[in-house]
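**Q** Give me the fold of what follows.
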Amino acid sequence: MSTPETSRFVRLRVELVLEIEDADAVTKRALQRLAGDTEMPDEERAHAEGAVTEDTAEAIAYLVDPFDLVNEVPGVELQQASWSSERIEYDPDSPDWDLDDDDVEEDEEEGIG
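**A** Predicted coordinates for the structure are as follows:
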């Protein structure tokens, strides 16, 4: 691809840490969304219902859709997306969670700053 072609594509990396305050509400909403998905085959729906019921992280993954992040951005068409969720140990005071440090390291690797 030539430089003008490749510059049309942007990889957007987003990392979120969510605190689940009401796991039952998250699960209930995921199950409601599953029930409203008329295009999902019954076998796949049964599997998804089991997953979101057993694991709140799975429910979050089902509820969060990357398309929703960009669908109203003018001039942008989502080409590809993947996402996952997992339970983690989180300490907001730990230096491991300082997002600014990650940004500095990536900038240095790319020769910026």
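**Q** Name the SS class of the closest residue to Val14 other than its chain neighbours, please.
**A** The spatially closest residue to Val14, leaving aside those adjacent along the chain, is Leu69, at 7.3 Å (CB to CB, 6 or more residues apart in numbering). All C-beta atoms are positioned from the backbone trio N, CA, C, and that covers glycine. Recorded secondary structure, Leu69: helix (DSSP: H, G, I helix; E, B strand; the rest coil).
**Q** any idea how far Leu69 is from Asp93?
**A** Plainly put, Leu69 is 28 Å away from Asp93 if you go by CB to CB, to the nearest Å.
**Q** May I ask which helix or strand encompasses the most centrally placed residue in the chain?
**A** Nearest to the mean C-alpha position of the chain, by CA atoms, centre = their mean, lies Trp83 at 4.6 Å. Using DSSP states H and E, Trp83 falls within no helix or strand.
**Q** which residues sit in contact with it?
**A** Ala61, Val64, Pro66 (CB atoms under 8 Å, 6 or more residues apart in numbering).
**Q** Leu69 and Asp93: which has the busier surroundings?
**A** Leu69 (13 against 7; other CB atoms under 10 Å).
**Q** That one touches Leu16, doesn't it?
**A** No: at 10.6 Å, Leu69 does not count as touching Leu16 under the criterion of CB atoms under 8 Å.
**Q** Out of the contacts of Trp83, who's the most crowded?
**A** That'd be Ala61 among those, by other CB under 10 Å, with 17 neighbours.
**Q** Which residue, other than its chain neighbours, is closest to it?
**A** Per CB to CB, 6+ apart, closest to Ala61 is Ser85, 4.1 Å.
**Q** Thank you kindly, that will do.
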